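[1] Let me see the structure of the following:
(2 chains)
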Amino acid sequence: GENVEQHPSTLSVQEGDSAVIKCTYSDSASNYFPWYKQELGKGPQLIIDIRSNVGEKKDQRIAVTLNKTAKHFSLHITETQPEDSAVYFCAASSAGANSKLTFGKGITLSVRP
Amino acid sequence: KAGVTQTPRYLIKTRGQQVTLSCSPISGHRSVSWYQQTPGQGLQFLFEYFSETQRNKGNFPGRFSGRQFSNSRSEMNVSTLELGDSALYLCASSSDSSFYGYTFGSGTRLTVV
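    All right, here's what the predicted structure looks like:
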């Protein structure tokens, strides 16, 4: 089955700096890669996603890049703010009736004011 | 529109007891999935229901079961609770068989003592 690895497990940046979180996946059939943000006491919230036919996608201060050859994808957050502090999960899935959405173990991002 | 609603938010049970958790998906969503979240293991997939049928299942013992009703609301049951079942249980819903627009609830925090 799919295996998604996320690294580093923790990341601390200064407010205003950029943060990059990387994930690798194992199943070359995976074609959908969402990113979720989880704040304390809440469920994960979808912040951006990318499909395998696209190499990059941006939404204001966040962007996701996908390298299908290397089987890795990354979340980029620019001009970080304290409210960006949270746990971020990457995930991967393939198409098909029996597909699952496999999550990485999450990274805790801390933005220092 | 209303999000995914999970009840109760918090639950304390004794070893050996059983528990039932409830999830009401976003209106119109027919797929409901359940996840167990623990600090060490991240988000572990339990099972998915689509139109009242279990379509996918993770690697959990038979003590974990679920069902979905005709209005798409879902319940999961854990019998013979063990201390290791203490976790945040999340459900997520989507409108179809894909993971696009996958939306999580805030979860039920289960503590087994």
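
[2] Run through the residues that contact the nearest residue in space to B:Ser79 that is not next to it in sequence.
    Here the nearest residue to B:Ser79 in space, its sequence neighbours aside, is B:Gln18; by C-beta to C-beta, 6 or more residues apart in numbering or on different chains that works out to 4.3 Å. C-beta: built from backbone N, CA, C; applies to glycine. B:Gln18 sits next to B:Asn77, B:Val78, B:Ser79, B:Thr80, B:Leu81 when contact means C-beta atoms under 8 Å, 6 or more residues apart in numbering or on different chains.

[3] Am I right that the fourth one sits in a helix?
    No - under DSSP: H, G, I helix; E, B strand; the rest coil, B:Thr80 sits outside any helix and is assigned coil.

[4] interface residues of chain B facing chain A?
    B:4, B:33, B:41-43, B:45, B:48, B:55-56, B:58, B:90, B:92, B:97-107 (C-beta under 8 Å from any C-beta of the partner chain).

[5] quick one: which of the residues you listed sit in strands?
    When the residues of chain B next to chain A are checked against strands using DSSP state E, the ones located there are B:Ser33, B:Gly42, B:Leu43, B:Phe45, B:Glu48, B:Arg55, B:Asn56, B:Leu90, B:Ala92, B:Thr103, B:Phe104.

[6] can I assume the fourth one is in contact with A:Ala91?
    It stands for B:Phe45. No - judged on C-beta atoms under 8 Å, B:Phe45 makes no contact with A:Ala91 at a distance of 10.4 Å.

[7] Comparing those two, which residue is more hemmed in?
    Legend: neighbour count by other C-beta atoms under 10 Å in any protein chain shown for B:Phe45 and A:Ala91, higher for A:Ala91 (26 against 19).
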